[in-house]
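> Fold the stuff below for me.
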Amino acid sequence: MTLAEPVDRTQRDYVLLFVTRSVRLFAYGFLSVVLALYLVEAGLSEGQAGALFTLTLLGDTAISLWLTTRADRLGRRRMLLVGAGLMVLAGVVFALTRNFWVLLAAATVGVISPSGNEVGPFLAIEQAALTQTVADRRRTTVFAWYNLVGSLATALGALAGGSLAQAGQARGLAALDSYRLVVLGYAVAGVGLAALFTRLSPGVEARTPTAGASPRSWLGLAQSQPVVLRLAGLFMLDAFGGGFVLQSLLAYWFHVRFGADPVTLGAIFFGANLLAGLSALSAGWLAARIGLINTMVFTHLPSNILLMLVPLMPTLPLALAVLLLRFSISQMDVPTRQSYTMAVVPPDERSAASGVTGVARTIGAALAPVLAGGLLAGGLLSVPFFLAGGLKIVYDLALYRLFSAVRPPEEAA
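Below you'll find the predicted structure:
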């Protein structure tokens with residue numbers, strides 16, 4: 001394509017969706033570094049801040065389910081704009097008030113990310129739209145890059161948020177005011193995100209269902225509902241297993257078991273996350289050769305076995321080597337899982353399908369940490385690893401049993 005030629009509408013949408021992902025994840029990382037500090041500095045207790053975060057995640061989950069299950073019918077761009085508006089609302093209210101109850105209402109209704117991870121309706125709707133901009137054979141590779149770009153944006157946002165707050169204090173701002181700058185920056189990012197969403201073309205909208213199509217359920221699903229609900233149940237099981245070995249819990253385990261200090265822990269998980277992100281890039285190449293389900297299962301199984309071996313290692317270097325080996329293949333199922341979900345449902349049900357399966361994973365992941373914390377408190381340091389690996393192996397075997405014969409379009413030929 002020469003500079004004189006117009007940019008293809010589909011190509012423009014493709015680029016815009018990567019840009020909106022980057023802006024959003026940058027904003028999430030930007031805020032996550034100082035959010036707890038800001039709330040405590042504003043006068044909230046640690047218990048109030050924790051309650052606020054819990055209700056934030058619960059509210060985001062409920063709102064995301066409502067928006068994503070209606071996006072294919074009411075308009076994907078419209079729902080994305082609503083989500084951006086809720087980001088702005090949360091950022092402005094958090095910056096302007098210290099009242100716990102007002103903050104609680106804004107946290108429950110608005111879109112805000114305490115952890116820096118993806119929240120709100122955006123991921124499900126963007127994945128559905130992105131699927132329409134690329135050929136089936138490229139879908140998995142595109143999703144791998146989409147995830148990697150988001151991870152890098154989150155890291156850069158966290159670095160920028162901490163640096164801005166530190167620079168403000170170095171120039172004489174009170175700690176509360178320096179943190180408020182970051183919160184206001186989050187709201188500004190929401191405005192920018194909304195502006196970008198208005199540039200998306202009608203080509204990202206769901207295609208009109210064929211005449212005589214099955215009526216939709218309250219989940220926004222019709223003919224794909226049985227498949228989506230089975231996938232959602234399996235993904236919930238996988239996320240429940242993963243909730244026993246969250247990064248913060250792994251860091252605690254390395255500290256208790258081997259006395260690893262914060263600097264060492266930071267280096268461990270920087271390397272682990274870097275390997276995980278890079279491993280996802282090879283998912284498209286492998287899936288093109290052995291299939292999406294085979295890639296998901298046959299990379300996930302050895303990853304889970306390695307996870308169960310970590311607590312059996314007698315020294316820190318050996319435990320670290322096994323953990324890093326595990327991370328080098330552990331994320332190859334993420335873009336393949338997302339790609340497979342988009343491939344096996346009709347185009348006009350993709351936002352709803354991604355939303356339902358995403359909420360199922362969120363719920364599953366939220367249930368396990370309290371159990372893992374009890375096990376760690378009881379001195380059963382190795383049990384969470386065995387539970388996580390065992391549950392994930394059950395997930396792998398069930399996924400292969402139920403879906404190995406359900407092929408996406410690029411494999412059906």
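
> which parts of the helix or strand residue 19 falls within are buried?
Assigned by DSSP states H and E, residue 19 falls within helix 9-32. Neighbour counts over helix 9-32 (16 or more other C-beta atoms under 10 Å) mark 12-14, 16-32 as buried. From N, CA and C alone the C-beta is placed, and that goes for glycine too.

> Next secondary structure element downstream of it?
Following helix 9-32 in sequence, per DSSP H and E, is helix 35-41.

> distance between that following helix and the chain's centre?
Put simply, helix 35-41 sits 23 Å off its chain's centre (C-alpha atoms, centre = their mean, to the nearest Å).

> likewise stretch 17-24?
13 Å.

> what's in contact with that stretch?
The contact list for stretch 17-24, computed with C-beta atoms under 8 Å, 6 or more residues apart in numbering, reads 80, 118, 122, 126, 129-130, 133, 145-146, 149-150, 153, 189, 192-193, 196-197, 200, 204.

> Pull out the buried residues from those residues.
When those are checked for burial by 16+ other C-beta under 10 Å, the buried set is 80, 118, 122, 126, 129-130, 133, 146, 149-150, 153, 189, 192-193, 196-197, 200, 204.

> and the residue nearest the centre of the chain, what pLDDT?
The centroid of the chain falls nearest to residue 118 when counting by C-alpha atoms, centre = their mean (4.2 Å). The confidence metric pLDDT takes the value 78 at residue 118.

> ditto for residue 178
Looking at residue 178, its pLDDT stands at 88.

> For residue 318, see how far away it is.
43 Å (C-beta to C-beta, to the nearest Å).

> what's residue 411 in contact with, if anything?
Neighbours of residue 411 in contact, by C-beta under 8 Å, 6+ apart: 291-292.

> Looking at the record's assignment, how would you partition this structure?
9-203, 225-408 (automatic domain parsing).

> which is the next helix or strand following the longest helix along the chain?
If you go by DSSP state H, the chain has its longest helix at helix 139-170. On the C-terminal side of helix 139-170, the nearest following helix or strand under DSSP H and E is helix 175-197.

> Tell me which other helices or strands the helix or strand just after that following helix touches.
Using DSSP H and E, the helix or strand that follows helix 175-197 towards the C-terminus is helix 225-242. Applying 3 or more C-beta pairs under 8 Å, 6 or more residues apart in numbering; DSSP states H and E, one finds that helix 225-242 contacts helix 333-343, helix 350-377, helix 383-403.

> if we look at the helix or strand following helix 225-242, which residues are touching it?
For helix 225-242, the succeeding helix or strand toward the C-terminus, using DSSP H and E, is helix 247-258. In this structure, residues lying in contact with helix 247-258 by C-beta under 8 Å, 6+ apart are 260-261, 264-265, 268-269, 311, 315-316, 319, 323, 369, 372-373, 376, 381, 384.

> starting at the chain centroid, how far to helix 247-258?
With C-alpha atoms, centre = their mean, you get 23 Å for helix 247-258.

> Between helix 350-377 and it, find me the angle.
Here helix 247-258 runs at an angle of 20 degrees relative to helix 350-377 (axes from the mean of the first three to the mean of the last three C-alpha atoms, to 10 degrees).

> Could you pull out the buried residues of the following helix or strand past helix 247-258?
Once the chain leaves helix 247-258, the next helix or strand it forms, by DSSP H and E, is helix 262-281. Residues of helix 262-281 classed as buried by neighbour count (16+ other C-beta under 10 Å): 264-265, 268-269, 272-273, 275-277, 279-281.

> Same question for stretch 150-157.
150-151, 153-155, 157.

> Need the pLDDT of the closest residue in space to residue 400 that isn't next to it in sequence.
Counting by C-beta to C-beta, 6 or more residues apart in numbering, residue 400 lies nearest to residue 297, which is 4.7 Å off, once chain neighbours are set aside. Among the per-residue scores, residue 297 holds a pLDDT of 93.

> C-terminal to the helix or strand where residue 297 lies, what's the next element?
Per DSSP H and E: residue 297 is located in helix 292-309. Using DSSP H and E, the helix or strand that follows helix 292-309 in sequence is helix 316-330.

> Which strands or helices does that next one pack on?
Helix 316-330 is packed against helix 247-258, helix 262-281, helix 292-309, with contacts defined by 3+ C-beta pairs under 8 Å, 6+ apart.

> Turn these into TSV, columns for distance to residue 223.
Converted to TSV, those look like this (distance: least, C-beta to C-beta, whole Å):
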stretch	distance to residue 223
helix 247-258	38
helix 262-281	30
helix 292-309	20
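
> and those, which one is worst for confidence?
helix 262-281 (a mean of 74).

> quick one, that one and helix 292-309 angle?
160 degrees.

> ok, then the element right after helix 262-281?
Heading C-terminal from helix 262-281, the first helix or strand you meet, by DSSP H and E, is helix 283-290.

> Restrict that next one to CA atoms and write it as CSV.
Extracted C-alpha coordinates of helix 283-290, given in CSV (Å, rounded to 0.1, in the frame of the first residue of the first chain):
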residue,chain,number,x,y,z
ALA,A,283,0.9,-20.2,20.3
GLY,A,284,-0.2,-19.1,16.8
TRP,A,285,2.6,-21.0,15.1
LEU,A,286,1.9,-24.2,17.1
ALA,A,287,-1.9,-24.0,16.7
ALA,A,288,-1.5,-23.7,13.0
ARG,A,289,0.3,-27.1,13.0
ILE,A,290,-1.5,-29.2,15.7
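
> Test my guess that residue 61 contacts residue 365.
No. In this structure, residue 61 is not within contact of residue 365 by C-beta atoms under 8 Å, at 10.8 Å.

> Please tell me how far stretch 135-142 is from the chain's geometric centre.
19 Å.

> Give the burial count for residue 195, as a bare number.
13 (other C-beta atoms under 10 Å).

> thinking again about what came up before, mind giving me the packing neighbours of the longest helix of the chain?
For helix 139-170, the packing partners by 3+ C-beta pairs under 8 Å, 6+ apart are helix 9-32, helix 122-131, helix 175-197, helix 262-281, helix 283-290, helix 333-343.
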